[in-house]
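S.K.: just a sequence and a predicted model for now, questions to come.
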Amino acid sequence: MASKPIVLFSGPSGSGKSFLAMRLIEDPKRERSLIVPVVSTWRGSEDLLGHVNPIDNRFEASPFTRFLVRSERAWNDGDRAPRVVVFEEFNLSRPEFWLSEVLTRSQYDEAAVEDRSIHLGGEGIRGLDGPVVTQVFLSPAILFIGTLNSDPSSPPLSSRVLDRAALIHLEVDPRAALATVGVNLEEPMAEAVYELDGILRERGVGFSLRAARSLAELEPRAKEFGIDLWEILDHVLAQEVLSKLSLFAADPADVGITERLADWSSGVGSRLTICGRLASEWSDRLENGMDVLQT
């Protein structure tokens, strides 16, 4: 963060990217933090910043632009407390389109006020108190964070973005995930989770912090549902781990994964019947030349 205008957290879904990003600063009331969900249809700066209303020539500002204005005023008042903007699903749309202004302006020194300012246009921001604002200064106190899922279907980042960003890959060990949420599995269950995670990790799929949280939520309600913890674990692994896996009949490595899953389901995962049934069905599909997508 000391050397790049934006830091990117990549990793499997549920690996804690957003959790970490929103805890980089002490801000319990979320007065200095903002989450910006990126939309796949974004194609320009106006999607992030807002636009000029042609009827009255007033700028219709997005929450992001209003956050920039508040941050600029705080900076000018001598407030140097760090602020965080988190772009969720950063590469859902190509950032060199919608984030171009921020990528360019954030490179300049804090003393270069004009160079670090984004020109909005119009005759001021609608509904904003205080002086008329037609441009906004990128406060050096803002830390820009982007989260990326390890998903092969997402577009790759361009060299322009990578040149301006620091990329940090995050993974969660299943032991740490379970410990974080306070779930203590019996040894056979824990071994089944650890071994499954090891099989799927090379495909960017694994036991996540979200899956651990689901176990933590469901474990106390096992009697209410009339099922035991093995059955709860079976559902969670099927819905929140195996469901993220894609396998291709033309890839020998994917055939190898189904073979390892078969060994797992007949061994330490033998009591996880839903997972075992899925593994068997996938093996049959691959043998018949059919891919396994959106499992």
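M.R.: Looks like it arrived, so ask away.
S.K.: from here on, just use CA atoms for contacts and neighbour counts.
M.R.: Will do.
S.K.: number of residues surrounding the residue nearest to Ser208 when sequence neighbours are not counted?
M.R.: Leaving aside its sequence neighbours, Ser208 sits nearest to Gly14 (CA to CA, 6 or more residues apart in numbering; 4.9 Å). Counted with other CA atoms under 10 Å, the neighbours of Gly14 add up to 23.
S.K.: let me see the contact set for the residue nearest the centre of the chain.
M.R.: Per CA atoms, centre = their mean, the C-alpha nearest to the average position across the chain is that of Thr147, at 4.1 Å. By CA atoms under 8 Å, 6 or more residues apart in numbering, the contact set of Thr147 is 8-10, 17-18, 86-90.
S.K.: okay if I get the residues you listed as CSV plus secondary structure?
M.R.: Compiled in CSV, the contacts of Thr147 are given as follows (DSSP: H, G, I helix; E, B strand; the rest coil):
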residue, secondary structure
Leu8, strand
Phe9, strand
Ser10, strand
Lys17, helix
Ser18, helix
Val86, strand
Phe87, strand
Glu88, strand
Glu89, coil
Phe90, coil
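S.K.: so what's the predicted local confidence for Leu245?
M.R.: Turning to Leu245, the model gives it a pLDDT of 89.
S.K.: may I have the phi/psi pair for it?
M.R.: Backbone torsions for Leu245, taken as degrees, to the nearest 10, come to phi -90, psi 140.
S.K.: count the residues that sit near it.
M.R.: For Leu245, the neighbour count with other CA under 10 Å is 16.
S.K.: now swap in Ala249 and tell me
M.R.: Ala249 has 18 neighbours, counted by other CA under 10 Å.
S.K.: Pro28 now?
M.R.: Other residues lying near Pro28 total 10 when counted by other CA under 10 Å.
S.K.: determine the three-state secondary structure at it.
M.R.: Going by three-state DSSP: Pro28 is coil.
S.K.: measure it to Val181 for me?
M.R.: 20 Å (CA to CA, to the nearest Å).
S.K.: all strands of this structure, in order?
M.R.: 6-11, 33-37, 50-53, 58-61, 83-88, 117-119, 135-137, 142-149, 165-169 (DSSP state E).
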